[in-house]
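Trainee: Model the structure of this input:
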Amino acid sequence: MYTWHFTFDGQSDVHRLVEDYQARLAHVPGLDPIPARWLHLTTQGLGFTDEVSTDVMDAVVFGVRDRLSGVPPVRVSVGPAVVDPEVVRLKVSPVGALVPVR
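Mentor: Now for the predicted structure:
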């Protein structure tokens with residue numbers, strides 16, 4: 001699946017927060033902690049790799065680069081943790097700040 005992600009490279013506060021939660025949950029069997037370098041916020045799916053041609057992907061990437069060049073950076077807060085049936089995730093707010101990027 002091709003998806004768009006916000007990454008947290010260089011965001012040491014987010015990495016520390018995740019490490020704190022992971023340390024507190026280390027005793028829970030069956031959890032698979034995500035390494036800091038893979039932390040991300042999935043924002044939009046493009047399509048399954050076997051259903052999206054290279055030409056379409058290239059055109060979408062070009063369009064997105066053009067569109068986002070005029071969108072200023074956004075600032076969000078991360079946390080607290082939310083427990084879902086299949087994941088422990090961090091709440092991101094305000095969600096509305098991400099709408100222009102999405």
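
Trainee: Tell me which residue is most central in the protein.
Mentor: Against the mean C-alpha coordinate of the chain, by CA atoms, centre = their mean, the closest residue is L41 at 1.1 Å.

Trainee: So which residues of this protein form strands?
Mentor: Using DSSP state E, the strands of the chain run over residues 2-7, 40-47, 77-83, 88-93.

Trainee: follow-up on the earlier one: so how far is T3 from the residue nearest to the centre of the chain?
Mentor: Using CB to CB, to the nearest Å, L41 is found at 10 Å from T3. C-betas here are computed from N, CA, C, even on glycine.

Trainee: D9 too?
Mentor: 17 Å.

Trainee: Helices of this protein, start to end?
Mentor: Under the criterion DSSP state H, the chain carries helices at the ranges 12-25, 54-68.

Trainee: just these: most buried one?
Mentor: Comparing the helices of the chain by mean neighbour count (mean count of other CB atoms under 10 Å), helix 12-25 comes out on top with a mean of 14.

Trainee: Tell me how far that one lies from the chain's centre.
Mentor: If you compare the mean C-alpha spot of helix 12-25 with that of the full chain, they lie 16 Å apart, counting by CA atoms, centre = their mean, to the nearest Å.

Trainee: Restrict that helix to CA atoms and write it as CSV.
Mentor: C-alpha atoms of helix 12-25 as CSV (Å, rounded to 0.1, in the frame of the first residue of the first chain):
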residue,chain,number,x,y,z
SER,A,12,13.4,14.0,20.5
ASP,A,13,10.4,14.9,22.7
VAL,A,14,8.1,12.6,20.7
HIS,A,15,10.8,9.8,20.8
ARG,A,16,11.2,10.2,24.6
LEU,A,17,7.4,10.1,25.1
VAL,A,18,7.2,6.9,23.0
GLU,A,19,10.1,5.4,24.9
ASP,A,20,8.4,6.1,28.2
TYR,A,21,5.2,4.5,27.1
GLN,A,22,7.1,1.5,25.7
ALA,A,23,9.0,1.1,29.0
ARG,A,24,5.7,1.1,31.0
LEU,A,25,4.2,-1.5,28.6
